[in-house]
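Participant: Build me a model from this:
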Amino acid sequence: MALSVSVLLALVMLCSNPACSQDCALYPSHGNPETFTLLSQMEKISILSCLKDRTDFSFPQMLVDGNKFEKTEATLVMHEMLQQIFNLFSKSDSLVAWDETLLDKFLAGLHQQVDDLETCLEEEKNVELLSENSRLAVKRYFHGIILYLEKKVYSHCAWEVVRVEIRRCLFFINELTAKLRK
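Facilitator: The predicted structure follows:
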């Protein structure tokens, strides 16, 4: 797995080149249903056997209420969420929980979406001034997920609970993307 993570990191470096990017207006991979499907296929144990491990990660209410996001702010929020998901599943502690092939495909799909969104953000001016509250809310949310995994010692049930929660995040991104396309 160390080799495949190294290859993925090389791809990140290579595809941060503008020649590798696509026009933002096309939304080439945002809200990619294949990523959602791969995450669903990664289920190793039934969530029903992990009911005692469930927790409320408190998805940021400001994001749920933020149906009025401007395109740039929505892009920034989606980028931050996908980057945090990528970071979470790239941790060495996640390797024992998932099928390596599915994990690699999932991470590659996330990488493509993050890369596409970075292209969009490069085209925007004053991105840093926008939505710092939204960005911090996303970071706090994912920090809570990481603390939960640490508390549960990265158990299989803890990862399953997190996998289900990340599906919620991907669903949110899909809905936000659909609204931006209108």
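Participant: quick one: average pLDDT of the longest helix along the chain?
Facilitator: The residue-count maximum for a helix in the chain (DSSP state H) belongs to helix 156-181. Computed over helix 156-181, the mean pLDDT rounds to 90.
Participant: helices or strands up against that helix?
Facilitator: On a contact count with 3 or more C-beta pairs under 8 Å, 6 or more residues apart in numbering; DSSP states H and E, helix 156-181 meets helix 33-41, helix 71-90, helix 132-151. Every residue, glycine included, has its C-beta placed from N, CA and C.
Participant: Let's see that with 10 Å instead.
Facilitator: Under the contact definition 3 or more C-beta pairs under 10 Å, 6 or more residues apart in numbering; DSSP states H and E, helix 156-181 sits against helix 33-41, helix 61-64, helix 71-90, helix 100-123, helix 132-151.
Participant: Which of the ones you listed sits closest to residue 52?
Facilitator: When the helices and strands packed on helix 156-181 are compared by C-beta to C-beta, helix 132-151 sits nearest residue 52, at 13.5 Å.
Participant: quick check: angle from the closest one to helix 71-90?
Facilitator: 10 degrees (axes from the mean of the first three to the mean of the last three C-alpha atoms, to 10 degrees).
Participant: Helix 156-181 and helix 132-151, what's the angle between them?
Facilitator: Angle of helix 132-151 versus helix 156-181, following the same axes, to 10 degrees, is 160 degrees.
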